[in-house]
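1. Please work out how this folds:
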Amino acid sequence: MITGRLSQDMKIVFMGTPDFAASILSALFDAGYMIEAAVSQPDKPVGRHAELKPTAVKMKAEELGIPVLQPEKASDPDFIDKLKAMAPDVIVVAAYGKILKPELLNIPRYGCINVHASLLPKWRGAAPIQWAVIAGDREAGVTTMMMNEGLDTGDMLLKSSIPVAEDETGGSLFDKLAELGSRLIVDTLKDLSDGSLRAEKQDDGKATYAPMLKKEMGNIDWNMPAADIERLVRGLCPWPGTFTFSKGKMIKIHKASIPDEEKTAELCKGRYASGDVITEDGSIYVICGSGALRIDELQAEGKKRMTAGDYLKGNNLDRFEHER
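-> The predicted structure follows:
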């Protein structure tokens with residue numbers, strides 16, 4: 001049990017960076033908690049002109065009138081001194097993006113509580129939402145935990161889960177878990193306030209890792225099973241997205257599906273190789289390492305996103321390649 005009791009006016013410092021974290025920050029604000037500051041990663045240059053873009057948490061904090069801190073490193077002595085001066089009761093962390101050192105973790109009276117978008121100990125790491133879809137998990141969820149020096153290895157506090165829909169994408173699950181996490185952190189702080197919060201150690205033997213997403217992950221290897229590729233397309237939607245090549249030109253694959261068993265058997269009975277394309281009746285099918293995949297929406301270089309039927313009105317396809 002987490003010892004001690006806190007009132008609704010507990011002093012909180014929030015740390016987070018992307019949209020998921022901004023939702024958590026909003027929930028804390030709406031619940032009436034006293035948020036001393038929001039800490040986020042520094043603005044990053046984007047686009048051709050390298051214009052600095054603020055993080056989602058920074059924009060949300062400014063909208064809510066919450067002071068913002070953006071240290072280059074969370075271990076910077078000046079930043080640590082500022083946190084100590086605030087004397088927070090709790091630091092709430094959600095997708096901040098960096099592992100925190102003991103000098104920061106030890107500042108708040110009741111520790112640092114992390115809102116992690118997985119059912120720990122499964123999917124520790126940077127991209128638990130997308131990997132849950134890619135792996136074909138039937139359920140996903142959010143865990144609140146006490147933070148330590150490890151990567152999502154702290155003692156678990158509360159969990160909440162939801163089923164993963166058959167057509168779930170990384171983006172749709174992201175939105176659902178942001179809402180779930182927003183409710184869960186409020187419940188966690190409520191239990192902390194009344195002294196009923198209990199911590200449970202993780203079983204490290206059941207841990208899995210969700211590494212950071214990279215653009216090259218989206219380069220489809222057609223030797224993979226069709227079911228694996230279909231989940232990859234959904235899991236990497238909307239970012240970084242999946243793609244392939246035809247006659248040296250990149251084609252983005254926005255949406256795909258698995259044909260029924262009868263259609264798959266019909267497609268795979270011919271003498272085809274992985275990556276071969278079959279077009280018929282306005283549909284695009286690709287032979288995979290096992291099974292076949294139907295491409296429902298795609299986008300050629302320099303063109304807009306379109307359905308397979310619209311694409312075939314002005315283009316021919318015979319094969320997709322893994323490399324340009």
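2. all strands of the stretch 101-250 of the chain, in order?
-> Assigned by DSSP state E, counting those that start in this stretch, the strands in the stretch 101-250 of the chain fall at 112-116, 124-125, 139-146, 156-163, 209-210, 242-246, 249-257.
3. What separation is there between the residue nearest to Pro163 when sequence neighbours are not counted and Thr188?
-> Spatially, and ignoring its direct neighbours in sequence, Pro163 is nearest to Glu139 (5.5 Å; Cβ to Cβ, 6 or more residues apart in numbering). C-beta: built from backbone N, CA, C; applies to glycine. Per Cβ to Cβ, to the nearest Å, Glu139 is found 20 Å from Thr188.
4. who's more crowded, the two?
-> Neighbours around Glu139 and Thr188, counted as other Cβ atoms under 10 Å, are more numerous at Thr188. The numbers are 22 against 10.
5. Using PDB, write down the CA coordinates of stretch 147-161.
-> Extracted in PDB, the C-alpha atoms of stretch 147-161 (Å, rounded to 0.1, in the frame of the first residue of the first chain):
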ATOM      1  CA  MET A 147       8.400   4.900 -11.600                       C
ATOM      2  CA  ASN A 148      11.900   3.600 -11.000                       C
ATOM      3  CA  GLU A 149      15.100   3.900 -13.000                       C
ATOM      4  CA  GLY A 150      14.200   1.100 -15.400                       C
ATOM      5  CA  LEU A 151      12.300   1.200 -18.700                       C
ATOM      6  CA  ASP A 152       8.600   0.800 -17.500                       C
ATOM      7  CA  THR A 153       9.700  -1.600 -14.800                       C
ATOM      8  CA  GLY A 154       8.100   0.000 -11.800                       C
ATOM      9  CA  ASP A 155       5.400  -1.400  -9.500                       C
ATOM     10  CA  MET A 156       1.900  -1.400 -11.000                       C
ATOM     11  CA  LEU A 157      -0.900   0.500  -9.500                       C
ATOM     12  CA  LEU A 158      -4.100   0.400 -11.500                       C
ATOM     13  CA  LYS A 159      -5.000  -1.200 -14.900                       C
ATOM     14  CA  SER A 160      -7.800  -0.800 -17.300                       C
ATOM     15  CA  SER A 161      -8.300  -2.800 -20.600                       C
END
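6. Let me see the mean pLDDT of it.
-> Regarding stretch 147-161, the rounded mean pLDDT is 97.
7. which strands and helices sit next to the helix-or-strand element of the chain with minimal mean pLDDT?
-> Here the helix or strand of the chain ranked lowest by mean pLDDT, DSSP states H and E is strand 44-46, holding a mean of 85. Other helices and strands packing on strand 44-46, by 3 or more Cβ pairs under 8 Å, 6 or more residues apart in numbering; DSSP states H and E, are strand 51-53.
8. Give the other helices and strands that the strand it packs on contacts.
-> Partner elements for strand 51-53 (3+ Cβ pairs under 8 Å, 6+ apart): strand 44-46.
9. can you give me how far the strand it packs on is from the chain middle?
-> On the basis of Cα atoms, centre = their mean, to the nearest Å, strand 44-46 is displaced by 20 Å from the centre of the chain it belongs to.
10. swap in stretch 155-162?
-> Counting by Cα atoms, centre = their mean, stretch 155-162 comes out at 17 Å from the chain centroid.
11. Quick check: buried residues in it?
-> Asp155, Met156, Leu157, Leu158, Lys159 (16 or more other Cβ atoms under 10 Å).
12. Gly291 contacts Glu266, correct?
-> No. Contact criterion Cβ atoms under 8 Å: Gly291 and Glu266 do not qualify, at 11.9 Å.
13. Looking at these two, which is more packed in?
-> Gly291 (21 against 14).
14. check contacts around the nearest residue to the more buried one once chain neighbours are set aside.
-> Excluding the flanking residues, the one nearest Gly291 by Cβ to Cβ, 6+ apart is Ala226, at 3.5 Å. Contacts of Ala226 were listed using Cβ atoms under 8 Å, 6 or more residues apart in numbering, and they are Ile258, Thr264, Cys288, Gly289, Ser290, Gly291, Ala292, Leu293.
15. Which of these fall within strands?
-> Ala292, Leu293 (DSSP state E).
16. would JSON lines of the contacts of Ala226 with pLDDT and distance to Leu52 be doable?
-> Conversion of the contacts of Ala226 to JSON lines gives the following (pLDDT from 0 to 100; distance: Cβ to Cβ, whole Å):
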{"residue": "Ile258", "pLDDT": "98", "distance to Leu52": "43"}
{"residue": "Thr264", "pLDDT": "96", "distance to Leu52": "49"}
{"residue": "Cys288", "pLDDT": "98", "distance to Leu52": "42"}
{"residue": "Gly289", "pLDDT": "97", "distance to Leu52": "44"}
{"residue": "Ser290", "pLDDT": "97", "distance to Leu52": "47"}
{"residue": "Gly291", "pLDDT": "97", "distance to Leu52": "46"}
{"residue": "Ala292", "pLDDT": "98", "distance to Leu52": "46"}
{"residue": "Leu293", "pLDDT": "98", "distance to Leu52": "40"}
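17. I'd like to know how many residues surround the nearest residue in space to Leu151 that is not next to it in sequence.
-> When the adjacent residues along the chain are set aside, Leu151 lies closest to Arg124, with 5.6 Å between them (Cβ to Cβ, 6+ apart). By the measure other Cβ under 10 Å, the count of residues near Arg124 is 19.
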